[in-house]
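Undergrad: Provide a 3D model corresponding to the input given below.
(4 chains)
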2 protein chains.
Amino acid sequence: MLEPGTLTDRICEQLKTAIVRGELAQGTKLNEPALANRYGISRGPLREALRRLEGLGLVVHVPHAGARVITLSRAEVLQIYDVREALEGMAARLAAVMMTPMEVEELRALLAQHACRIAAEGGRAYFQHEGDTDFHNRIACASRNPGLAQMLRGELYHRLRMYRYQSSQQSSRPERALQEHEQIVDAIAERDGELAETLMRRHIQRARRAVAEQLQSQPDQPPNFVAEETR
Amino acid sequence: MLEPGTLTDRICEQLKTAIVRGELAQGTKLNEPALANRYGISRGPLREALRRLEGLGLVVHVPHAGARVITLSRAEVLQIYDVREALEGMAARLAAVMMTPMEVEELRALLAQHACRIAAEGGRAYFQHEGDTDFHNRIACASRNPGLAQMLRGELYHRLRMYRYQSSQQSSRPERALQEHEQIVDAIAERDGELAETLMRRHIQRARRAVAEQLQSQPDQPPNFVAEETR
DNA sequence: AAGGACTTGATTGTCGACAATTGAAGCGTC
DNA sequence: GACGCTTCAATTGTCGACAATCAAGTCCTT
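TA: Okay, the predicted model is just below:
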């Protein structure tokens, strides 16, 4: 395994995927010597990686008590959607003004690709989610607001991905979502920022509602549940 | 100087205020040995503090090249307002639903206090800014969405404070702002989330416009200007 | 036997030194 | 005189060890 970049970067990435995938379960105490040993590095880079993950909101850190993987309660998952609604709505509005014609075309091509996949394989969850994040990511970038894009791709994205992965939430309604995506692109193509924002917000509101319904039927861990065990 | 908390915390705080105040000018290269020496600590805690500041968006870090204080271009300052508009609008909408009657009363009391100060001293910039952030902060907390509140109080707040401090931007229009604040509280008191969001967004749009006008008349540093010197 | 203070173990926080990479100064060559 | 290469200093990245803090278990006291 060759090393691209510094140790802190690699460990951060590995821990990130481990947390998202649930290999490091929610609430897990992150023991520094144990983790450093496990990944074959020293505690220095590990601590810096943990600090970075703390900034991403994937880990909480209490002085003299160590770091723990966050625990996403039902309420917190829904709260993420509220923030997304606000930020992605604004992103769509800005994108309607800033996006180049070529980017609009590329976005249309992307959606056409999604349509093929959905038709072919009935919208398998994996492709659907990847495609969905791809779509939203492009709009975030097209807003030409790096801070906004970074918030969506950083804090929000990883936490949401963590929930999706672990609840194996399959995006019901892929056709519906695709249709909403197309409407959003249409609004952007017509440079109607107001409409693009409205459509995007409704799009995320519907997704939030779908998640809320699924959460309704699932048991929830206690509000501030903390798990033990490191490996 | 007794120590509340860990070294990393203290250094992080000191660096934060130094950056906001411009004592560490924008684009300054942050030399680790020099800084550690200056604050009388080792490089370990310093590096962790830098990583935390990186998460707050006050510092950029390039591998093998060190960390630098960010440089806020005009465009970036305005972009912060766009993000604020989206997030604080959502915060106001949520606050309208979640805020307790007592909190509404406290908010009203706060605004009454502001009114007195403005009448008495003509709205001195310092008090005005402190009061303004206090108002917005309370609404962020009242949204009962910790992630949302943290974004506003973290990344956005510090960067904006940095600009305000260094441009010695005096909030023109304190009376107008106060009036807008009162309208927002009224909407919240009537539990009209829709209206509260609209008013908050307009409020921030106006602030953004005022900043844009002031920026128009000021010279701007080159887009990716980088300054040397550490102390 | 129950409660509390003490001790002990483990974990985090901090430090100084070594290794690796970068950027620039100095030299030689064309 | 200008360009490219080599060498060197400085800075960042990494490591292992020591000190401080916290939590749990034990022992003593009442």
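Undergrad: wait, does stretch A:196-209 contact chain B?
TA: No - using CB under 8 Å from any CB of the partner chain, stretch A:196-209 stays clear of chain B, with a minimum separation of 9.0 Å. Where C-beta positions appear, they are placed from N, C-alpha and C, glycine not excepted.
Undergrad: may I have that stretch as CSV, with CA atoms only?
TA: This file holds the C-alpha atoms of stretch A:196-209, laid out as CSV (Å, rounded to 0.1, in the frame of the first residue of the first chain):
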residue,chain,number,x,y,z
ALA,A,196,-34.7,26.4,-8.5
GLU,A,197,-34.5,27.1,-4.8
THR,A,198,-38.1,26.2,-4.2
LEU,A,199,-37.9,23.0,-6.1
MET,A,200,-34.7,21.9,-4.4
ARG,A,201,-36.2,22.6,-1.0
ARG,A,202,-39.3,20.6,-1.7
HIS,A,203,-37.1,17.8,-3.1
ILE,A,204,-35.2,17.6,0.2
GLN,A,205,-38.3,18.0,2.2
ARG,A,206,-39.8,15.0,0.5
ALA,A,207,-36.6,13.0,1.1
ARG,A,208,-36.8,14.0,4.7
ARG,A,209,-40.3,12.9,5.0
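Undergrad: tell me the average confidence for it?
TA: On average, the pLDDT along stretch A:196-209 is 97.
Undergrad: mind listing what's buried in that stretch?
TA: For stretch A:196-209, the neighbour count (16 or more other CB atoms under 10 Å in any protein chain shown) marks A:196-201, A:203-204, A:207-208 as buried.
Undergrad: just stretch A:131-142 next, same as before
TA: Residues of stretch A:131-142 classed as buried by neighbour count (16+ other CB under 10 Å): A:131-133, A:135-136, A:138-142.
Undergrad: and for stretch A:150-170?
TA: Residues A:151-152, A:155-164, A:169 are the ones in stretch A:150-170 that count as buried (16+ other CB under 10 Å).
Undergrad: that older thread, and of the buried residues of stretch A:131-142, the nearest to DNA strand D?
TA: The shortest approach to DNA strand D among the buried residues of stretch A:131-142 belongs to A:C141, at 26.1 Å (CB to the nearest atom of the strand).
Undergrad: with adjacent residues omitted, what lies nearest to the closest one?
TA: Leaving aside its chain neighbours, A:C141 sits nearest to A:A149 (5.4 Å; criterion: CB to CB, 6 or more residues apart in numbering or on different chains).
Undergrad: so which residues of chain A form strands?
TA: For chain A, the strands defined by DSSP state E occupy A:29-30, A:59-62, A:66-69.
Undergrad: inside helices: which ones of the buried residues of stretch A:196-209?
TA: Per DSSP state H, helices hold the following members of those: A:196-201, A:203-204, A:207-208.
Undergrad: name the nearest of those relative to DNA strand C.
TA: Nearest member of those to DNA strand C, counting by CB to the nearest atom of the strand, is A:R208, at 35.2 Å.
Undergrad: look up how far DNA strand D lies from that closest one.
TA: A:R208 sits 37 Å away from DNA strand D, going by CB to the nearest atom of the strand, to the nearest Å.
Undergrad: I'd guessed that residue sits against A:L78; true?
TA: Yes - the criterion here is CB atoms under 8 Å, and A:R208 meets it with A:L78 at 6.2 Å.
Undergrad: follow-up on the earlier one: how about the buried residues of stretch A:150-170 in JSON lines, adding pLDDT and distance to B:V59?
TA: Shown next, in JSON lines, are the buried residues of stretch A:150-170 (pLDDT from 0 to 100; distance: CB to CB, whole Å):
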{"residue": "A:M151", "pLDDT": "96", "distance to B:V59": "17"}
{"residue": "A:L152", "pLDDT": "96", "distance to B:V59": "21"}
{"residue": "A:E155", "pLDDT": "90", "distance to B:V59": "17"}
{"residue": "A:L156", "pLDDT": "95", "distance to B:V59": "21"}
{"residue": "A:Y157", "pLDDT": "94", "distance to B:V59": "22"}
{"residue": "A:H158", "pLDDT": "95", "distance to B:V59": "21"}
{"residue": "A:R159", "pLDDT": "95", "distance to B:V59": "23"}
{"residue": "A:L160", "pLDDT": "93", "distance to B:V59": "26"}
{"residue": "A:R161", "pLDDT": "93", "distance to B:V59": "26"}
{"residue": "A:M162", "pLDDT": "94", "distance to B:V59": "26"}
{"residue": "A:Y163", "pLDDT": "93", "distance to B:V59": "30"}
{"residue": "A:R164", "pLDDT": "89", "distance to B:V59": "31"}
{"residue": "A:Q169", "pLDDT": "73", "distance to B:V59": "36"}
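Undergrad: closest to A:R191 among those residues?
TA: Of all the buried residues of stretch A:150-170, A:L152 has the smallest distance to A:R191: 21.8 Å, by CB to CB.
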